[in-house]
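*Asks:* Fold the following, please.
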Amino acid sequence: MSAISPPHSLPSSSSKTQIKTRNPNPIHSRNRIHCELKNTSSPQKWTVDCVSSTDPIHIILKPPNSVQMSSSMDSSLKNSKRVCLFYCPEMKCLAERIASESDAIELRSISWRTFEDGFPNLFISNAQGVRGQHVAFLASFNSPGVIFEQLSVIYALPKLFVSSFTLVLPFFPTGTSERMEDEGDVATAFTLARILSNIPISRGGPTSLVIFDIHALQERFYFGDNVLPCFESGIPLLLNRLQQLPDSDNITIAFPDDGAWKRFHKQLQHFPMVVCAKVREGDQRIVRIKEGEPKGRHVVIVDDLVQSGGTLLECQKVLAKHGATKISAYVTHGIFPNKSWERFKHDEGGNPESGMTYFWLTDSCPETVKHVKHKPPFEVISLAAAISSALQI
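*Replies:* Next up is the predicted model:
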């Protein structure tokens with residue numbers, strides 16, 4: 001009986017597979033049969049060489065050539081929206097990460113100079129080269145001193161006859177500490193929203209504005225009709241990181257106050273939860289557990305941002321007191337004025353009273369990242385992939 005030697009490598013066929021052949025006539029010498037391998041994902045054309053001059057018959061299965069595979073990749077790239085991404089100096093590292101996520105994103109440069117009197121002297125390189133292109137700008141309003149020069153660029157780019165314009169502002173900074181309680185309080189968050197709402201309209205229509213975890217939920221209603229806000233969240237990045245932990249089945253989510261619970265509990269509803277609350281005792285405000293049980297659990301405190309860190313540290317103390325075996329924290333925006341990150345210590349092997357196991361934050365605030373990167377318990381989770389996806393909307 002004739003034997004058929006198996007090919008060196010066979011295509012994966014985990015799904016249903018059909019093989020169609022042409023030229024089924026008897027093979028008296030070396031002939032070539034073209035086969036089409038179909039599965040539920042994508043068909044692939046393979047070539048079969050049969051040599052029958054000797055016994056046993058040899059069948060040689062050849063995979064699709066690299067030209068065909070590369071043409072498929074080129075086709076998917078053509079379907080992607082090609083984006084010219086400009087960025088401010090503070091966001092250079094994040095911009096490079098975003099560009100590395102997709103071949104459809106091309107980095108473009110701006111000369112950030114100043115005149116002798118200190119006012120901006122800005123130049124957009126190859127401005128005519130972006131005509132008809134989808135253009136985006138990655139901004140960082142990390143301090144009032146850099147907002148004006150970036151606004152100047154943001155207002156200029158849509159006027160370069162671009163197909164569309166997207167402003168990526170990962171952290172919307174104003175309004176994080178404002179309390180509108182007395183007549184005369186000025187809502188600067190509303191002011192900034194109005195400024196961004198008046199960005200000139202490009203040929204493709206209003207500007208798209210991408211923001212992650214805006215602090216006060218009502219701020220999303222501050223924007224006018226000439227801008228299209230797209231509110232994203234860093235919580236999916238946290239969920240992915242929690243799944244990688246060795247004790248992922250022992251995670252409990254804690255919220256430092258009702259505001260954080262209202263904001264995030266629906267995205268984290270499959271975890272056990274602890275809700276803390278600030279209560280006043282005499283002249284002091286202390287943190288207590290309002291509901292939930294942290295005993296024996298790895299508790300992760302979740303909030304949108306951190307400033308001085310006082311509330312998180314108080315939560316850490318009360319959770320450790322109630323029996324949490326590990327305590328970590330996540331914030332989308334690590335602001336940390338006056339080097340307040342120094343208040344957070346590493347637990348050095350599982351002592352929740354002395355420190356935290358992890359403190360996750362994103363790279364929405366680049367100045368903070370420079371200081372805490374590679375310093376336990378801090379761990380930076382990049383927004384690059386999420387921003388890259390948002391630019392394809």
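
*Asks:* Okay, helices next: where are they in the protein?
*Replies:* 66-79, 92-101, 144-156, 188-197, 235-243, 258-264, 310-321, 366-372, 384-390 (DSSP state H).

*Asks:* Contacts for the fifth one next, please.
*Replies:* Where contact means CB atoms under 8 Å, 6 or more residues apart in numbering, the residues beyond helix 235-243 that reach it are 213, 248, 251, 264, 267-268, 300, 302, 330, 360, 362, 379, 381, 383, 386. Heads up, the C-betas are built off the backbone N, CA and C, glycines and all.

*Asks:* Show me the strands in the stretch 251-393 of the chain, by range?
*Replies:* 251-255, 273-281, 284-291, 298-306, 326-334, 359-362, 378-381 (DSSP state E, counting those that start in this stretch).

*Asks:* List the strands paired with the last one, with their directions.
*Replies:* Within its sheet, strand 378-381 is paired with strand 359-362 (parallel), according to DSSP bridges.

*Asks:* Can I get the helices of the chain in CSV including mean pLDDT, distance to residue 122 and mean neighbour count?
*Replies:* Converted to CSV, the helices of the chain look like this (pLDDT from 0 to 100; distance: least, CB to CB, whole Å; neighbours: other CB atoms under 10 Å):
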stretch, mean pLDDT, distance to residue 122, mean neighbour count
helix 66-79, 56, 32, 10
helix 92-101, 97, 16, 18
helix 144-156, 96, 6, 16
helix 188-197, 92, 17, 18
helix 235-243, 98, 33, 16
helix 258-264, 94, 37, 18
helix 310-321, 95, 39, 20
helix 366-372, 95, 20, 17
helix 384-390, 97, 23, 19
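
*Asks:* Make a markdown table from those and add distance to residue 347 to it.
*Replies:* Shown next, in a markdown table, are these (distance: least, CB to CB, whole Å):
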| stretch | distance to residue 347 |
| --- | --- |
| helix 66-79 | 45 |
| helix 92-101 | 28 |
| helix 144-156 | 36 |
| helix 188-197 | 36 |
| helix 235-243 | 17 |
| helix 258-264 | 22 |
| helix 310-321 | 10 |
| helix 366-372 | 16 |
| helix 384-390 | 29 |
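
*Asks:* between those helices, which gets nearest to residue 282?
*Replies:* Residue 282 lies closest to helix 310-321 among those, at 16.0 Å (CB to CB).

*Asks:* one step back: between the helices of the chain, which one is closest to residue 108.
*Replies:* Per CB to CB, nearest to residue 108 of the helices of the chain: helix 92-101, 9.7 Å.

*Asks:* Tell me the helices and strands packed up against that closest one.
*Replies:* strand 83-87, strand 105-107, strand 134-138, helix 366-372, helix 384-390 (3 or more CB pairs under 8 Å, 6 or more residues apart in numbering; DSSP states H and E).

*Asks:* change it to 7 Å
*Replies:* With contacts taken as 3 or more CB pairs under 7 Å, 6 or more residues apart in numbering; DSSP states H and E, helix 92-101 sits against strand 83-87, strand 105-107, helix 384-390.

*Asks:* The second one packs against which elements?
*Replies:* So the one you mean is strand 105-107. Counting by 3+ CB pairs under 7 Å, 6+ apart, strand 105-107 packs on strand 83-87, helix 92-101.

*Asks:* want to throw the ones you listed into a markdown table with distance to residue 227?
*Replies:* What follows is the helices and strands packed on strand 105-107, written out as a markdown table (distance: least, CB to CB, whole Å):
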| stretch | distance to residue 227 |
| --- | --- |
| strand 83-87 | 18 |
| helix 92-101 | 21 |
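
*Asks:* so which of these gets nearest residue 319?
*Replies:* Across these, closest to residue 319 is helix 92-101 (CB to CB), at 32.0 Å.

*Asks:* who touches residue 322 in this structure?
*Replies:* Contact criterion CB atoms under 7 Å, 6 or more residues apart in numbering gives 289, 294-295 as the residues in contact with residue 322.

*Asks:* okay, the helices and strands packed on helix 92-101 in a markdown table with distance to residue 137 next?
*Replies:* What follows is the helices and strands packed on helix 92-101, written out as a markdown table (distance: least, CB to CB, whole Å):
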| stretch | distance to residue 137 |
| --- | --- |
| strand 83-87 | 5 |
| strand 105-107 | 12 |
| helix 384-390 | 12 |
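
*Asks:* Quick check: which of the helices of the chain is nearest to residue 337?
*Replies:* That would be helix 366-372 among those, by CB to CB, at 9.7 Å.

*Asks:* any residues touching the closest one, and which ones?
*Replies:* 90-91, 93-94, 140, 142, 334-336, 341, 363, 378, 380.

*Asks:* Likewise for stretch 280-299?
*Replies:* Residues contacting stretch 280-299 (CB under 7 Å, 6+ apart): 247, 250-252, 254, 272-279, 311, 314-315, 318-319, 322-328.

*Asks:* So how do I select the buried members of those in ChimeraX?
*Replies:* Burial among the contacts of stretch 280-299 is assessed by 16 or more other CB atoms under 10 Å; the matching ChimeraX selection reads:
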select :251,252,254,273,274,275,276,311,314,315,318,319,322,324,325,326,327,328
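
*Asks:* can I assume residue 84 is in contact with residue 135?
*Replies:* Yes - judged on CB atoms under 7 Å, residue 84 makes contact with residue 135 at a distance of 5.0 Å.
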